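J.: pasting the structure only:
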C-alpha cells in the first residue's frame, strides 16, 4: 500500500488510543484474539512505546506496542485493521521496529494463531518455549524471540 506512514507516539500521549482499541476489538470480535481488558490495554498503551501505521492523520491502520525490558524489548501487542490485513502491513511495521531497535525483541503468541506464528518466523523469530495455559482463558503460547534466543535457555 502506498502512502503509509509509521509514527511513534510519545509515552503518555493517548490521542490515538481509542482508534487502537477499536482495531483490537474488531480482531477480538472476528477471531477471538487480543482478549486484553480495557484497563490492561490502557496501561500498556500509555506506558510504552507505540508505533502507529497510518494512512493519514486520523486514519490508523494498525499499531505495535513495545515495552523495554531488562532482557530486550517485549512486543506487547501488534494489530492491523481487519480490512487491511493480508497486504504486508504487519511485516512492514515489524521490519521498521526491528531496524530501529536492533536488539532482542520477544513476544508471546497464541499457538493456534498460525498467521502470527508464521509472520514472526518469516521475520527471523525463533520459538523458544511452549507455555501451557499462558493466557487467562487457558490458551497456550509460544515464547518467540529475534536475535537473543540464548537468553531464554
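T.: Nice, thanks for sending it over. What you are looking at is a predicted structure, and each value in this text was computed from that prediction instead of being measured.

J.: helix or strand for residue 139, which one?
T.: Using DSSP states H and E, residue 139 falls within no helix or strand.

J.: in the sheet, who's paired with the closest residue to it other than its chain neighbours?
T.: Closest residue to residue 139 apart from its sequence neighbours, by CB to CB, 6 or more residues apart in numbering: residue 110 at 5.4 Å. Where C-beta positions appear, they are placed from N, C-alpha and C, glycine not excepted. Using DSSP bridges, the bridge partners assigned to residue 110 are residue 141.

J.: Show me what the longest helix along the chain packs onto, helices and strands only.
T.: Determined from DSSP state H, the single longest helix within the chain is helix 17-31. When contacts are defined as 3 or more CB pairs under 8 Å, 6 or more residues apart in numbering; DSSP states H and E, helix 17-31 packs onto helix 38-47, strand 59-69, strand 72-80.

J.: Figure out which of these is closest to residue 125.
T.: Proximity to residue 125 (CB to CB) singles out strand 72-80 among the helices and strands packed on helix 17-31, at 9.4 Å.

J.: and that closest one, how far out from the chain's middle?
T.: 3 Å (CA atoms, centre = their mean, to the nearest Å).

J.: Make 28 the first number, not 1, from now on.
T.: Got it, the first residue is 28 from now on, which makes the last one we talked about strand 99-107.

J.: could you check the angle strand 86-96 makes with it?
T.: Counting by axes from the mean of the first three to the mean of the last three CA atoms, to 10 degrees, strand 99-107 lies at 160 degrees to strand 86-96.

J.: what separates whatever helix or strand comes next after strand 99-107 from the chain centre, distance-wise?
T.: Sequence order places helix 116-128 as the next helix or strand after strand 99-107, per DSSP H and E. Its chain's average C-alpha position is 10 Å from that of helix 116-128, according to CA atoms, centre = their mean.

J.: buried ones in helix 116-128?
T.: Under the neighbour-count criterion of 16 or more other CB atoms under 10 Å, helix 116-128 has 116-117, 119-121, 124-125, 128 buried.

J.: Stretch 29-43 now?
T.: So for stretch 29-43, counting by 16+ other CB under 10 Å, buried means 31, 33, 36, 43.

J.: swap in stretch 77-94?
T.: 77-81, 87-93.

J.: Then stretch 134-142?
T.: Buried-residue list, stretch 134-142, by 16+ other CB under 10 Å: 134-138, 140.
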